[in-house]
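Trainee: Provided below are the primary sequence and the corresponding predicted coordinates.
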Amino acid sequence: MTGGPARGLAALLAAGLLLGTGACGPKPAASSDQPLKVAATFSVVGDLVRVIGGEHVALTVLAGPGVDAHAFIPTAGDAAALAKAAVVVENGLGFETWLDDLYTAADSQATRVAAADGIAPRAGTGEETGEADPHVWHSATNAMAMARNIKAALAAADPANAAAYQTNTDAYLAELTALDGWIAEQVSALPAERRKLVTTHDTFGYFAQRYGFEVLGSLLPTSTEGASPSAQQVAALAQAVKAADVPAIFGENIGANGLLNQVAAEAGVKLVATLFTDALGAPGSGGETYVDMMRANVTTIVAALGS
């Protein structure tokens, strides 16, 4: 795909803002007195790195809380972070369409690890046939797989602290296992006919797959970049919401919800306050960490659809 991020990066290069980093060979692993420098592409994988790496990692998150990573435009500072990093943790599955160009432009020698490696992808929606849905983190079991991948990458880059990364991962996997069980318990209180989701863009496929929901529809495809629904699509979604007899549809924290508000008005249902989808929330939002995000989303969804 092409769009805003690619054009932004091209402009950055044309303006000569990227620092002359120069290839200096592979980045060294962390020493006992210096933490491992890690760059994470967006806030969700950044939080997983934070938990697993702990004090042994110096973390930079490129697309931070509340930032839509689909449409993220890198800066010279982001290029500098990649140039200095020993490890770059990305989601993978085509989520960060801007990363390849940024990595090349920064002349980065960092090891790249895709946190979603090994997770069976579901088909996404969009203009490109065969496009995979990258939003794997909305299933807590997928987050466990992501955590294991991150742990392996950190341990390989910094073997001196491999035991600490393993300890942190074991504790986090126990927390994610408890989270997965809690989500299933909360959802079980919701009648099956109410487990239907309408959101701004197609981001809850893995959540629906894991926890027994149906994605009734969305205004935008799997990626939000460059997409704009037609009036006919808005009207059709409103009719589908009416026919499904659901009490609420859901906005997101990464963009405007004006058209979804129109769908809600036409269908005669309420638009519920934003869910955390492709980014964590800012401090004080209730979605500052991955676990917080999942708990907040489930609480909001169950309360709104059960009313």
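Mentor: Cool, the structure landed.
Trainee: what residues are up against the residue lying closest to Asp47 once chain neighbours are set aside?
Mentor: Nearest residue to Asp47, sequence neighbours excluded (CB to CB, 6 or more residues apart in numbering): Tyr290, at 4.7 Å. Placement of C-beta: from N, CA and C, glycine included. Contacts here follow CB atoms under 8 Å, 6 or more residues apart in numbering; on that basis Tyr290 touches Val44, Asp47, Leu48, Trp137, Ala143, Leu280.
Trainee: Please repeat the previous calculation with a cut-off of 10 Å.
Mentor: Taking CB atoms under 10 Å, 6 or more residues apart in numbering, we find Tyr290 in contact with 43-48, 50-51, 137, 140, 143, 146-147, 172, 175-176, 179, 276, 280.
Trainee: Filter those down to just the ones in helices.
Mentor: Residues of these located in helices (DSSP state H): 43-48, 50-51, 140, 143, 146-147, 172, 175-176, 179.
Trainee: on that earlier part again, of the contacts of Tyr290, select the buried ones using a ChimeraX command.
Mentor: To isolate the buried members of these in ChimeraX, using 16 or more other CB atoms under 10 Å:
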select :43,44,45,46,47,48,50,51,137,140,143,146,147,172,175,176,179,276,280
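Trainee: Find the residue ranges of this protein scoring beneath the pLDDT cut-off.
Mentor: 1-32, 125-130, 219-229 (pLDDT under 70).
Trainee: which residues of it fall in helices?
Mentor: 4-14, 43-53, 76-84, 99-105, 140-157, 162-188, 205-211, 231-244, 258-267, 290-306.
Trainee: Please render these as CSV that adds distance to Thr199 to the earlier fields.
Mentor: Formatted as CSV, the helices of the chain follow (distance: least, CB to CB, whole Å):
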stretch, distance to Thr199
helix 4-14, 21
helix 43-53, 16
helix 76-84, 28
helix 99-105, 25
helix 140-157, 18
helix 162-188, 16
helix 205-211, 10
helix 231-244, 11
helix 258-267, 8
helix 290-306, 10
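Trainee: okay, the ones you listed, which one's buried deepest?
Mentor: Of all the helices of the chain, helix 43-53 carries the top mean neighbour count, a mean of 25, counting by mean count of other CB atoms under 10 Å.
Trainee: Who are the packing partners of that helix?
Mentor: Secondary-structure packing of helix 43-53 (3 or more CB pairs under 10 Å, 6 or more residues apart in numbering; DSSP states H and E): strand 36-42, strand 57-63, strand 87-90, strand 111-114, helix 140-157, helix 162-188, helix 290-306.
Trainee: Include distance to Ala69 when you put the ones you listed into CSV, please.
Mentor: Shown next, in CSV, are the helices and strands packed on helix 43-53 (distance: least, CB to CB, whole Å):
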stretch, distance to Ala69
strand 36-42, 4
strand 57-63, 4
strand 87-90, 10
strand 111-114, 14
helix 140-157, 15
helix 162-188, 21
helix 290-306, 14
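Trainee: Gly268 is nearest to which of the ones you listed?
Mentor: helix 290-306 (14.8 Å; CB to CB).
Trainee: Check the offset of the closest one from the chain's centre.
Mentor: Between the centre of helix 290-306 and the centre of its chain there are 16 Å (CA atoms, centre = their mean, to the nearest Å).
Trainee: could you give the angle of it to helix 140-157?
Mentor: 170 degrees (axes from the mean of the first three to the mean of the last three CA atoms, to 10 degrees).
Trainee: In PDB, could you pull the C-alpha coordinates for helix 290-306?
Mentor: Provided in PDB are the C-alpha atoms of helix 290-306 (Å, rounded to 0.1, in the frame of the first residue of the first chain):
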ATOM      1  CA  TYR A 290      -2.000  -4.000  27.100                       C
ATOM      2  CA  VAL A 291      -3.800  -5.700  30.000                       C
ATOM      3  CA  ASP A 292      -5.600  -2.400  30.900                       C
ATOM      4  CA  MET A 293      -6.600  -2.000  27.300                       C
ATOM      5  CA  MET A 294      -8.100  -5.400  27.100                       C
ATOM      6  CA  ARG A 295     -10.000  -5.100  30.400                       C
ATOM      7  CA  ALA A 296     -11.400  -1.700  29.500                       C
ATOM      8  CA  ASN A 297     -12.500  -2.900  26.100                       C
ATOM      9  CA  VAL A 298     -14.300  -6.000  27.400                       C
ATOM     10  CA  THR A 299     -15.900  -4.100  30.200                       C
ATOM     11  CA  THR A 300     -17.200  -1.500  27.700                       C
ATOM     12  CA  ILE A 301     -18.400  -4.000  25.200                       C
ATOM     13  CA  VAL A 302     -20.200  -6.300  27.600                       C
ATOM     14  CA  ALA A 303     -21.900  -3.400  29.400                       C
ATOM     15  CA  ALA A 304     -23.100  -1.800  26.100                       C
ATOM     16  CA  LEU A 305     -24.300  -4.900  24.400                       C
ATOM     17  CA  GLY A 306     -25.900  -6.300  27.500                       C
END
